[in-house]
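Q: take this sequence and fold it.
(one chain, ligands or ions: 1)
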Amino acid sequence: MSSSTTNIESVLHEERVFEPPAEFAASARIPSMEEYERLRREAEDAPEEFWARMAEEIHWFKRWDAVLKWEPPHAEWFVGGRTNVSYNCLDRHLSTWRRNKAAIIWEGEPGEVRTLTYQQLYRHVCRFAHVLKKLGVERGDRVALYMPLVPELAVAMLACARIGATHSVIFAGFSAAALIDRINDAGCKLVVTADGAYRRGTEIRLKDAVDEALKQTPTVKSCVVFRRTGSPIKMQAGRDHWWHELAESVIESASSHFPAEELDSEHPLFILYTSGTTGKPKGILHTTAGYLLWAHLTTKWVFDLKDDDTYWCTADIGWVTGHSYVVYGPLSNGATVLMYEGAPNHPEPDRFWRLIERHRVSIFYTAPTAIRAFVKWGEQWPRRHDLSSLRLLGTVGEPINPEAWMWYRETIGGGRCPIVDTWWQTETGGIMISPLPGATPTKPGSATKPLPGVDVAIMTKQGEPVEDGMGGYLVIRRPWPSMLRTIWGDDERYRQTYFGEIEGTYFAGDGARRDRDGYFWIMGRVDDVINVSGHRLGTMEIESALVSHEAVAEAAVVGRPDELKGQAVVAFVTLEGTRQSSDELKEQLRRHVQKEIGALARPDEIRFSDALPKTRSGKIMRRLLREIAASGSVSGDVTTLEDFSVLERLRAQEEE
Ligand code: WT7
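A: The predicted model follows:
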């Protein structure tokens with residue numbers, strides 16, 4: 001089928017099925033549906049034995065006493081065991097031929113390339129572990145990492161993991177205000193950053209943002225700065241240190257080795273902030289052994305990793321995809337990971353294809369929002385390059401439209417590469433629903449089936465099962481090793497958010513349906529969270545940012561379908577008494593949101609209104625606003641609406 005002649009179709013009528021290519025299956029790690037079913041049954045019939053068998057794959061300093069302690073909604077995995085994530089990602093490869101294998105091949109946006117073998121990466125990590133110790137960072141302390149996509153970010157993560165410090169990576173696109181919230185919530189002692197980052201040829205000045213943030217973060221004692229761009233920055237004596245100077249000073253005073261701490265299975269590995277429906281972002285907490293095990297296994301199964309692969313996941317390390325599938329999963333498998341610092345269209349829209357050709361990438365994992373942009377830029381860009389090294393493609397972040405899936409398959413994969421559409425979340429730590437590329441027949445737009453050991457189902461809000469073919473709430477019925485353990489500092493919110501909606505089960509916040517073949521089709525979020533370019537944004541956070549502007553009385557934010565970004569941010573804004581609406585004010589408000597949260601959250605559209613539609617109990621009726629934002633009209637039940645005229649006025653405004 002030619003990709004350029006097909007039209008966008010509804011997911012609901014997707015009938016195409018693609019079998020795994022025989023050649024792929026022949027050497028795949030999980031080579032058939034029989035093998036998949038066998039693993040799945042094993043996990044179902046005797047879960048603890050299954051997980052115990054799987055856990056043999058990682059290195060333990062001390063074996064666990066019990067596989068699982070489950071006191072809903074709290075789980076402890078591999079109780080009493082001791083391991084270390086950094087040891088699993090580094091040391092255990094050093095006694096094998098992989099010692100001199102490339103661990104990281106990094107390309108900067110300006111085009112320079114650096115390669116670090118496992119041995120070299122290990123030395124960098126040990127050195128930085130010494131640096132952390134020198135700065136007084138102890139086991140259990142929190143460290144904020146606000147960095148460009150450079151190998152040193154992985155080094156810093158692995159060094160934290162090595163000494164038992166808990167890292168909190170904050171995406172370099174977030175603003176100083178977002179940094180303050182996250183640093184204070186976790187009580188970070190140290191911030192690791194860089195002078196700047198390159199993005200689309202210009203520099204993002206990271207250290208300036210850190211300087212602004214550190215005025216309001218009393219727990220931070222020091223700041224380490226990696227030199228990336230070399231542009232002038234301020235260094236505050238006593239607080240700020242150059243990475244390279246510290247690293248040099250420790251080589252003189254310490255041996256290059258730093259032994260990995262033997263950490264409890266449940267030792268906090270990292271906190272990663274993600275958006276929720278209300279209030280401030282949630283610090284999702286992941287711990288050591290269970291997280292590592294699932295990152296390791298899923299990387300091996302889903303990406304069918306082999307030693308001669310060059311694996312590239314395009315995600316920024318600031319998101320969970322980067323944690324699990326740029327750093328921890330691939331490195332614990334001893335893979336060669338490509339990292340690319342910059343934008344996909346710099347200097348031209350073929351940068352990704354250039355990278356694949358240059359480094360002979362064999363496994364490529366990206367997001368639907370990127371794929372839609374590639375479709376839009378045109379197939380002449382990938383056509384210019386030899387993409388024959390590719391053998392497997394993946395996608396993550398949001399539902400992928402079947403036609404984008406077909407384009408990906410034909411134009412990038414040359415019709416020969418299986419596609420793994422992987423469903424998971426920051427909270428799940430690793431992939432939960434996905435094809436196994438050598439086993440699962442794929443259907444464009446479906447994440448297909450749960451991985452072995454994953455018990456997902458579709459339920460009603462009352463917790464009743466939903467029959468196949470019908471939509472409902474996506475839930476996970478049994479605990480899994482890489483599940484979040486809590487929300488940092490707010491266990492009550494953890495209970496409420498994930499286990500309070502449907503009694504006794506984890507509720508993912510997504511709507512989904514299962515077809516007659518047992519395939520899952522994710523329909524998107526059912527809560528007040530929108531997905532912009534594969535990133536979750538809480539509407540409430542954007543509303544709070546808007547309301548913090550002096551001109552704004554009230555704001556409601558909804559998502560509108562967007563061809564490129566998946567969803568666009570639409571803000572309905574009521575102004576303070578005497579303020580007049582204007583284009584200039586719109587632009588001011590956009591900039592204000594960007595300053596408060598970051599560019600991702602910047603509203604695509606702002607609509608001024610003298611009132612917002614509310615229920616009698618005062619709740620903003622987002623469903624109506626979503627409809628107005630998408631189509632300009634409203635259908636369905638409006639009987640709870642308090643003031644009907646509001647709707648008329650909003651619609652009239654639309655027609656202006
Ligand atoms: C939300 C999680 C997991 C890493 C990236 C995002 C949506 C994710 C898929 C997929 C349909 C998907 C869901 C989910 N999502 N992957 N393959 N198909 N939807 O992590 O920021 O925690 O967001 O992303 O809505 O709940 P996140």
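Q: what helix or strand is residue 521 on?
A: Assigned by DSSP states H and E, residue 521 belongs to strand 520-525.
Q: for the following helix or strand past that strand, packing partners?
A: Remark: after strand 520-525, the chain's next helix or strand is strand 529-532, criterion DSSP H and E. The helices and strands touching strand 529-532, judged by 3 or more CB pairs under 8 Å, 6 or more residues apart in numbering; DSSP states H and E, are strand 535-538, strand 552-562, strand 566-575. (Glycine included, C-beta is placed from N, CA and C.)
Q: would TSV of these with mean pLDDT, mean neighbour count and distance to the ligand be doable?
A: Formatted as TSV, the helices and strands packed on strand 529-532 follow (pLDDT from 0 to 100; neighbours: other CB atoms under 10 Å; distance: least, CB to the nearest ligand atom, whole Å):
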stretch	mean pLDDT	mean neighbour count	distance to the ligand
strand 535-538	86	23	4
strand 552-562	91	21	11
strand 566-575	93	23	9
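Q: buried residues, the strand holding residue 521. List them.
A: Residues of strand 520-525 classed as buried by neighbour count (16 or more other CB atoms under 10 Å): 520-522, 524-525.
Q: tell me the contacts of the residue in the stretch 301-450 of the chain positioned nearest to the ligand?
A: Ranked by CB to the nearest ligand atom, the top residue of the stretch 301-450 of the chain for proximity to the ligand is residue 426, at 3.4 Å. Residue 426 is in contact with 272, 274, 284, 319-320, 484, 536, counting by CB atoms under 8 Å, 6 or more residues apart in numbering.
Q: narrow those to those in helices?
A: Those of these mapping onto helices are residue 320, per DSSP state H.
Q: what packs against the helix of greatest length in the chain?
A: In the chain, assigned by DSSP H, the helix with the most residues is helix 118-134. Using 3+ CB pairs under 8 Å, 6+ apart, the elements in contact with helix 118-134 are helix 92-94, strand 102-107, helix 151-163, helix 243-253.
Q: ok, and what's touching that helix?
A: 86, 90-91, 93-94, 98-101, 103-104, 116, 143, 151-152, 154-156, 158-160, 162-163, 165, 190, 224, 243, 246-247, 249-251, 254, 256-258, 331, 334.
Q: next: stretch 224-243.
A: Residues contacting stretch 224-243 (CB under 8 Å, 6+ apart): 131, 135, 147-148, 150, 152, 190-198, 203, 205, 207-208, 211, 214, 221-223, 244, 246.
Q: again with stretch 68-79
A: With CB under 8 Å, 6+ apart, stretch 68-79 has contacts from 47-48, 51, 55, 64-67, 265-266, 287, 289-290, 293, 479, 481, 483, 485-486, 494-495, 498-499, 504, 506.
Q: then stretch 563-573?
A: So stretch 563-573 is in contact with 368-369, 372-373, 376, 398, 530-534, 537, 542-543, 546, 552, 554-562, 589, 593, 601-609, 612, 625, 629, 650, going by CB under 8 Å, 6+ apart.
Q: what helix or strand does the residue in the stretch 101-250 of the chain positioned nearest to the ligand sit in?
A: For the stretch 101-250 of the chain and the ligand, the shortest gap (CB to the nearest ligand atom) falls at residue 171, measuring 10.8 Å. In the assignment (DSSP H and E), residue 171 maps to no helix and no strand.
Q: now do the contacts for it.
A: Contacts of residue 171 by CB under 8 Å, 6+ apart are 316, 318-319, 598.
Q: so which of those are in strands?
A: Secondary structure from DSSP state E places none of the contacts of residue 171 in strands.
Q: one step back: dump the contacts of residue 426 to CSV, plus distance to residue 34.
A: Listed next are the contacts of residue 426 as CSV, based on distance: CB to CB, whole Å:
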residue, distance to residue 34
272, 37
274, 37
284, 36
319, 35
320, 32
484, 33
536, 37
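Q: report the two of the contacts of residue 426 separated the most.
A: Greatest spatial distance in the contacts of residue 426: 319 and 484, 14.9 Å, computed using CB to CB.
Q: who has more neighbours out of those two?
A: Taking other CB atoms under 10 Å, residue 319 and residue 484 do not tie; residue 484 has more neighbours (25 against 22).
Q: my read: the more buried one touches residue 285, true?
A: Yes: here residue 484 reaches residue 285: they are 6.0 Å apart, a contact under CB atoms under 8 Å.
Q: for stretch 87-103, the distance to its chain's centre please.
A: 26 Å (CA atoms, centre = their mean, to the nearest Å).
Q: hmm, who's touching that stretch?
A: 58-59, 115-122, 125, 158, 161-162, 260, 292, 296, 307, 327-328, 331-332, 334-337.
Q: of those residues, buried ones?
A: Buried among the contacts of stretch 87-103 (16+ other CB under 10 Å): 58, 116-118, 120-122, 125, 158, 161-162, 260, 292, 296, 327-328, 331-332, 334-337.
Q: can you pull out the helices in the stretch 351-500 of the chain?
A: Along the stretch 351-500 of the chain, counting by DSSP state H, counting those that start in this stretch, helices occupy 351-359, 368-377, 380-383, 402-407, 491-494.
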